[in-house]
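Novice: Predicted model follows, preceded by the sequence.
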Amino acid sequence: MSDRSSLHVRSINHHHAPTEIRERAHLDPEKAVALMKALEAEESCVSALPVSTCNRTEIYLEMRPGGDPDQSLRRALTEIGAEAELFAGLHAVAQDGMPAVNHLFRVASALESMMLGEPQISQQLKDAYRLARKHSELGPVLLRAFQGAFRTGKRVRTETRITSGAVSVAYGAVELARKFFSRLCQHRALLVGAGETGALAAKHFLQHDIGHLTVVNRSPARAAELAAELHGERVAALARKSADDPDLEVVSPQSDPCGHVSHRPWEELGEALAEADVVLSTTGSLEPVILPEMVQKAVQQRGGEPLFLLDIAVPRDIHPDVAGISGAYSFGLDDLDEIIQGNKAARQKQVPYAEKIIAEEMREFETWLDEMDLRPTVAEFKSYLEELKDKQVGYVRKKQSDEVAAAVDSSLQQFIKKVLGRSMSTLKNAESPEERDRDLDTLRRIFTEEQRKIKDRPVVED
């Protein structure tokens, strides 16, 4: 019977659990570390890696043979004060063995995301992985599975178009802006309103290197708070980029030509309009906040430079008459929705190509996993054969020249290589795991017995 460890995942995600359940299951970094430590104390658990985002909390476990992942997880969750029953309830999903690996690869490829192909999950998995590596020693199966997941996700992103095109209002606004400007770094954006959608759109603008972003909001405190938050995320993103690519020249926030963030009071909205190239408005006001006279004045002050306005508020923030002002180009939710629906359909068509990549990576992982059982025995077998070789070469060296001994050594090396290759091939091609286990046991017994017999026996000279 195989003595290798196995991978398991217990998941609460947006497919099966409502928001209130996902919120209760969420693990912040401190609790995630505590859970890893508690699971390490479980005798049957090799290691664990929690992944917790707004849409999912998944706990990946590597268990020793015969270990019960559910019992270990329940005890560990209870120990850290989390709601253990959630991960055994109606909203939880349990997957074991290769289905757990397949799930991880699909998550890394953004096939399991609420927004098909969304890029954030890749970074979220890497953050969870880094946290685990910092505070724990991952088992070989868990380590290899996550490394395979990262490779799979990267292949899906680069070899398919599943991440292409905006499929959210916030990202759609940025994509539309990029149609106006070939290089966002040379332009300025104005965010009017500091709500959730506006904040998300602002983050997308910064990720695409907008030159300068100004936040204007009725509450100056909220405008300042969002500006500080955006600046902090920009700094963190630069640090991550440098960490992920050591050969990349480190860019400090001070020397970064893009991504500057500021805020202005509501009373200066008119002046801010004149200084912006693209305006994104999402205040949630019951009446338009960007009026024709304001835009007319801003266009005049811009000296002929066009002003693009994106209105993603409901009700509308931008007065309908703004569309008739020369030099001002106004777009609303209907324009963005047309882009989004087309992009969603295009992404869906990429799913079969992504699944083909996942299947390829799964086969590679399964091959590696199957060979885990073989490696220790084959290594011992190799050691046994090399011990025989060294004894025989030593005898030849006493009777013959160094050149003859070297030739014998080389010939026996080739013989060992062929024997090991044939042995590995036979073991790998066994018709069933049971047959492979029997072959392994037979091989172990043969060379272990032979090792015992020859240990003190001199090499035959004739």
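Specialist: Structure's in. What do you need?
Novice: Report the central residue of this structure.
Specialist: Centroid-nearest residue in the chain: Ser122, 2.5 Å away (criterion: Cα atoms, centre = their mean).
Novice: Check which helix or strand that residue maps to.
Specialist: helix 120-135 (DSSP states H and E).
Novice: For the helix or strand just after that helix, C-alpha coordinates in PDB please.
Specialist: Heading C-terminal from helix 120-135, the first helix or strand you meet, by DSSP H and E, is helix 140-159. Coordinates of each C-alpha in helix 140-159 appear next as PDB, following Å, rounded to 0.1, in the frame of the first residue of the first chain:
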ATOM      1  CA  PRO A 140       6.000  18.000  -0.700                       C
ATOM      2  CA  VAL A 141       2.600  17.300  -2.200                       C
ATOM      3  CA  LEU A 142       1.100  20.700  -1.100                       C
ATOM      4  CA  LEU A 143       4.200  22.500  -2.300                       C
ATOM      5  CA  ARG A 144       4.200  20.900  -5.700                       C
ATOM      6  CA  ALA A 145       0.500  21.400  -6.100                       C
ATOM      7  CA  PHE A 146       0.700  25.100  -5.500                       C
ATOM      8  CA  GLN A 147       3.800  25.500  -7.800                       C
ATOM      9  CA  GLY A 148       1.900  23.600 -10.400                       C
ATOM     10  CA  ALA A 149      -1.200  25.800  -9.900                       C
ATOM     11  CA  PHE A 150       0.900  28.900 -10.400                       C
ATOM     12  CA  ARG A 151       2.400  27.500 -13.600                       C
ATOM     13  CA  THR A 152      -1.100  26.500 -14.800                       C
ATOM     14  CA  GLY A 153      -2.600  29.900 -14.100                       C
ATOM     15  CA  LYS A 154       0.300  31.600 -15.900                       C
ATOM     16  CA  ARG A 155      -0.100  29.400 -19.000                       C
ATOM     17  CA  VAL A 156      -3.900  30.000 -19.100                       C
ATOM     18  CA  ARG A 157      -3.300  33.800 -18.900                       C
ATOM     19  CA  THR A 158      -0.700  33.800 -21.600                       C
ATOM     20  CA  GLU A 159      -1.800  31.100 -23.900                       C
END
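Novice: Can you spell out which helices and strands pack onto helix 140-159?
Specialist: Here helix 140-159 touches strand 6-13, strand 45-52, strand 56-63, helix 98-108, helix 120-135, helix 351-372, going by 3 or more Cβ pairs under 8 Å, 6 or more residues apart in numbering; DSSP states H and E. (C-beta placed from N, C-alpha, C; glycine too.)
Novice: Show me how far that helix is from its chain's centre.
Specialist: Averaging C-alpha positions (Cα atoms, centre = their mean, to the nearest Å) puts helix 140-159 8 Å from its chain's average.
Novice: Give me the contact list for that helix.
Specialist: For helix 140-159, the external contacting residues (Cβ atoms under 8 Å, 6 or more residues apart in numbering) are 4-7, 46-49, 60-62, 101, 104-105, 107-111, 119, 121-122, 125-126, 129, 138, 162-163, 353-354, 357-358, 361, 364-365, 368-369, 372.
Novice: from those residues, which would you call buried?
Specialist: Among the contacts of helix 140-159, those scoring as buried are 5-7, 46-49, 60-62, 101, 104-105, 107-111, 121-122, 125-126, 129, 138, 162-163, 354, 357-358, 361, 365, 369 (criterion: 16 or more other Cβ atoms under 10 Å).
Novice: ok so, going back, quick check: angle from the helix holding Ser122 to helix 98-108?
Specialist: 120 degrees (axes from the mean of the first three to the mean of the last three Cα atoms, to 10 degrees).
Novice: roughly how far is helix 120-135 from the heart of the chain?
Specialist: 7 Å.
Novice: Output it as CSV, restricted to C-alpha atoms.
Specialist: C-alpha atoms of helix 120-135 as CSV (Å, rounded to 0.1, in the frame of the first residue of the first chain):
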residue,chain,number,x,y,z
GLN,A,120,-6.8,39.2,-8.8
ILE,A,121,-7.0,35.5,-7.8
SER,A,122,-3.5,34.9,-9.0
GLN,A,123,-2.1,37.5,-6.6
GLN,A,124,-4.4,36.3,-3.8
LEU,A,125,-3.1,32.7,-4.1
LYS,A,126,0.5,33.9,-4.1
ASP,A,127,-0.1,36.1,-1.0
ALA,A,128,-1.5,33.0,0.8
TYR,A,129,1.4,30.9,-0.4
ARG,A,130,4.0,33.4,0.8
LEU,A,131,2.3,33.7,4.2
ALA,A,132,2.3,29.9,4.5
ARG,A,133,6.0,29.6,3.5
LYS,A,134,6.9,32.3,6.0
HIS,A,135,5.3,30.6,9.0
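Novice: what angle do it and strand 56-63 make?
Specialist: Using the same axes, to 10 degrees: helix 120-135 against strand 56-63 is 40 degrees.
Novice: per-residue pLDDT, Val250?
Specialist: Predicted confidence (pLDDT) for Val250: 46.
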